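A.B. asks: generate a structure from the sequence data that follows.
(2 chains)
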There are 2 protein chains.
Amino acid sequence: MHTLVVYDIESDKIRNRVITACKDYGLSRIQFSAFLGEIGHNRRQELEKRIRKILGKNRGKVNFFPICDKDFGLMKEIVVGEMKY
Amino acid sequence: MHTLVVYDIESDKIRNRVITACKDYGLSRIQFSAFLGEIGHNRRQELEKRIRKILGKNRGKVNFFPICDKDFGLMKEIVVGEMKY
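C.D. replies: This is a model prediction of the structure:
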């Protein structure tokens, strides 16, 4: 089971703390605003709780998508040029 | 079956054309860099082909995630304040 986290967070400070949380859970940055990694239901819930706490009353939106192995295998990617995150 | 499209596209002009393509396929903007909607495998492949053509040689990255109904039901969202897209 994989987890995809996609976020829009106004404050750089808060965004950086969310990024650290995603990394702590072993997720990798796949886009400027998205992290992906192999974590299951319980750890995803923990991460969600932690991010909810980090966000507090700061403006932002975060989506957590569980992605089963079948769907993960069908994921497609277009990359043009080198993208550094 | 749902489809999630997440993008990082440098050029405003190209990004806007990708956004139009997502809307044409009935997807809704859920974040600055993400669209989500109820489209299946064939239409997702069509959209991918169209976005590949739009991107051409312009720098960017686009991910296409198929999301089955079960995973979609487990999707979580944190929203603080009003986010306008």
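
A.B. asks: who in chain A is up against chain B?
C.D. replies: Within chain A, the residues that sit near chain B (Cβ under 8 Å from any Cβ of the partner chain) are A:4, A:6-8, A:30-34, A:41, A:48, A:51-52, A:55-68, A:70-71, A:74-81, A:83. (Glycine included, C-beta is placed from N, CA and C.)

A.B. asks: just the ones of those residues in helices?
C.D. replies: Under the assignment DSSP state H, the residues of chain A next to chain B contribute A:41, A:48, A:51, A:52, A:55, A:70, A:71 to helices.

A.B. asks: for the residues of chain A next to chain B, which ChimeraX command selects only the ones that are buried?
C.D. replies: Buried residues among these (16 or more other Cβ atoms under 10 Å in any protein chain shown), as a ChimeraX selection:
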select /A:4,6,7,8,30,31,32,33,34,48,51,55,58,60,61,62,63,64,65,66,67,71,75,80
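
A.B. asks: all strands for chain A, in order.
C.D. replies: A:2-9, A:28-31, A:34-37, A:60-67, A:76-80 (DSSP state E).

A.B. asks: before I go, just wanted to say thanks for your time.
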